[in-house]
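all I have is the shape, not the residue letters:
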């Protein structure tokens, strides 16, 4: 992992996400780019200065605000490892992130998961939803107020798809510096009898293509997928949840057919890293 893009609105509530993004990128030895998106206000006709000059001045002011935000909350850490700061004028935060990502080709985009009443509303929720529908890179959402701790256990929720392999491969790349445990988990309804057999088949298929020593495979019975995943997170004291966005899954036997990423990320208090199916190039296959 070489490049991480972190988008912030520079509010106090986003300070914890900034710290997490900085320390995460430091461990990953990745360049951290901090992006702030702003909207240029309407210009009154009586303004004498050229609009281009005003735009340049505002851009610099916004970059100074971002720098001050980083200095205030990172303190001495800000001087240890350089951060690249970007201030972009755009009425759409999603479009600005995507345009910036086209230039930087980030391996990961990080967003702060905000409360309903934050400046931009559901900042992580709405924007992450839009990004996952339009981009190839994974998106990590950081809950409000979380303190960074070393990543020890990551839960990956699977539905035995061939398309899970690329996200798991990328997840292995992420966790190697932390020497973290990856728990591959499938939540199934209590009337399902083939989950263990399908998990064994999926395990064999996966291990033919990836290599990582600290990886376990579990099947958990639960009437509701969301509560089952949350139960696993709590019982395993997981540091992070990883999921493949499954927005367009409509098989009747598929408990993941609803978009769980968008539903569950507001129910957990650990970072959620979501992989878009746009980034899974393998032909779709499901373990039967």
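That came through, no problem. All of these numbers come straight from a predicted model, not from anything done at the bench. Residues are numbered from 1 along each chain as shown.

now do the same contact list for residue 203.
Counting by C-beta atoms under 8 Å, 6 or more residues apart in numbering, residue 203 makes contact with 184, 217. To be clear about C-beta, it is placed using only N, CA and C from the backbone, and glycine gets the same treatment.

go with 6 Å
residue 217 (C-beta atoms under 6 Å, 6 or more residues apart in numbering).

which of the three states applies to it?
helix (DSSP: H, G, I helix; E, B strand; the rest coil).

ok, it to residue 160 distance?
Separation of residue 203 from residue 160 (C-beta to C-beta, to the nearest Å) stands at 10 Å.

got a list of what residue 14 touches?
Contacts of residue 14 by C-beta under 6 Å, 6+ apart are 8, 112.

actually residue 84, not the one I wrote
Counted by C-beta under 6 Å, 6+ apart, residue 84 has contacts residue 33.

return the backbone torsion pair for it.
Backbone geometry at residue 84, expressed as degrees, to the nearest 10, gives phi -100, psi 130.

and the next element down the chain from the one helix or strand in the chain whose mean pLDDT sits lowest?
Ranked by mean pLDDT, DSSP states H and E, the helix or strand of the chain with the weakest confidence is helix 260-264, at a mean of 62. Next in sequence after helix 260-264, counting helices and strands by DSSP states H and E, comes strand 272-275.

tell me the strands beside that next one, with direction?
strand 139-143 (antiparallel), strand 240-244 (parallel) (DSSP bridges).

pLDDT of the last one, averaged?
The one in question is strand 240-244. For strand 240-244, mean pLDDT is 91.

other residues contacting that strand?
151, 154-157, 164, 167, 171, 261, 270-275.

if we can go back for a sec, in a markdown table, list the strands paired with strand 272-275 along with distance to residue 189 and mean neighbour count.
Shown next, in a markdown table, are the strands paired with strand 272-275 (distance: least, C-beta to C-beta, whole Å; neighbours: other C-beta atoms under 10 Å):
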| stretch | distance to residue 189 | mean neighbour count |
| --- | --- | --- |
| strand 139-143 | 27 | 24 |
| strand 240-244 | 18 | 25 |
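
so which of those strands is nearest residue 185?
strand 240-244 (9.6 Å; C-beta to C-beta).

on the pLDDT front, check the closest residue to residue 58 other than its chain neighbours for me.
Of all residues beyond its chain neighbours, the one nearest residue 58 is residue 40 (6.3 Å), with distances taken as C-beta to C-beta, 6 or more residues apart in numbering. For residue 40, the pLDDT comes out at 75.

now do residue 196
Residue 196 is given a pLDDT of 87.

ok so it is a helix residue?
Yes: counting by three-state DSSP, residue 196 is located in a helix.

which residue is the nearest non-sequential neighbour of it?
residue 219 (5.4 Å).

can you pull out the low-pLDDT segments for this protein?
For the chain, applying pLDDT under 70 flags the ranges 42-49, 114-126, 190-193, 246-267, 278-288.

strands along the stretch 51-200 of the chain, start to end?
Here the stretch 51-200 of the chain has its strands, by DSSP state E, counting those that start in this stretch, at 84-89, 108-113, 139-143, 153-157, 181-188.

what's the helix or strand for the spatially closest residue to residue 199 that is not a sequence neighbour?
Leaving aside its sequence neighbours, residue 199 sits nearest to residue 219 (C-beta to C-beta, 6+ apart; 5.1 Å). Using DSSP H and E, residue 219 sits in strand 215-221.

gap between residue 38 and residue 22?
21 Å.

more neighbours: which of these two?
Neighbour count, other C-beta atoms under 10 Å: between residue 38 and residue 22, residue 22 has more, with 24 against 20.
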